[in-house]
Structures are given as C-alpha cells and as structure tokens.
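**Q** Give me the fold of what follows.
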Amino acid sequence: QVQLVESGGGSVQAGGSLRLSCAVSGYTYSTNCMGWFRQAPGKEREAVASIYTADNSSYYADSVKGRFTISRDNGKNTLYLQMNSLKPEDSDMYYCAAGVTAGLCVYHYWGQGTQVTVSS
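**A** From the prediction side, this is the model:
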C-alpha cells in the first residue's frame with residue numbers, strides 16, 4: 001500500500017503563488033509515476049500535471065502550462081506542485097496520486113486533497 005498526504009493549500013489572491021506538497025509513504029517502490037489532479041464540486045476531475053520516475057519527464061494540462069511546475073524529492077519522498085500566477089479559475093480541491101505506467105500512468109493511490117482558493 002502507498003499512502004499520500006497533501007498539504008500546502010490555502011487562500012491567495014489572483015497573481016499569487018502556492019506550493020502544494022504530497023508526502024508519500026508505504027511501498028513507494030511499487031509506483032513509478034505520480035500526478036496532481038483537481039476537482040470542484042459537481043465538476044469532472046481534471047489532470048493538472050504528471051511526472052514519471054524513469055526519466056523525470058513531466059506533462060501539464062494546457063490550462064496550467066507555464067504557471068505550474070511538478071517536481072519530486074526522492075530523498076524526502078515528497079511530490080510538489082509549484083503554482084504561480086494563480087487565477088480564480090484555479091480554485092479547486094487538489095489531489096495527488098501515484099500509480100504505474102501502462103503507456104500512460106494508471107493511478108492506484110490517492111490522497112485526501114487540499115483546498116486551493118484564489119480570490120480576484
């Protein structure tokens with residue numbers, strides 16, 4: 001099993017920054033890809049960014065490209081999402097997830113989420 005705990009959410013004004021963290025514990029060797037998702041009540045979950053352990057490649061949704069950066073610190077078993085130039089439409093519950101690649105990342109483990117609120 002893999003446990004994921006997000007932190008770093010909060011309230012910020014438009015144009016501001018936040019850094020989300022996701023602490024990973026358990027059988028971390030069983031996963032080789034991780035990602036951040038976001039979802040608002042009544043809306044579909046959106047993939048925000050993903051990162052692959054094998055080559056450290058990363059991918060972003062068009063809506064966050066150039067503003068968000070996903071990274072991981074293997075020594076600390078922590079995944080990060082640096083969010084800059086935040087917009088009100090970035091307000092959501094953010095979740096981190098871990099999985100195994102099968103072409104794309106198939107996510108098996110999910111955190112409980114951390115809320116991000118961006119005011120105009």
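**Q** got the buried residues for stretch 56-71?
**A** Within stretch 56-71, the residues that count as buried by 16 or more other Cβ atoms under 10 Å are Tyr59, Tyr60, Val64, Phe68, Thr69, Ile70. In short, each C-beta sits where N, CA and C put it, glycine included.
**Q** In a markdown table, list the residues you listed along with secondary structure and pLDDT.
**A** A markdown table is the format used below for those (DSSP: H, G, I helix; E, B strand; the rest coil; pLDDT from 0 to 100):
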| residue | secondary structure | pLDDT |
| --- | --- | --- |
| Tyr59 | strand | 96 |
| Tyr60 | strand | 97 |
| Val64 | coil | 98 |
| Phe68 | strand | 98 |
| Thr69 | strand | 98 |
| Ile70 | strand | 98 |
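**Q** distance of the residue positioned nearest the centre of the chain from Ser120?
**A** Most central in the chain under Cα atoms, centre = their mean is Trp36, positioned 2.3 Å from the mean C-alpha point. For Trp36, the distance to Ser120 under the criterion Cβ to Cβ, to the nearest Å works out to 23 Å.
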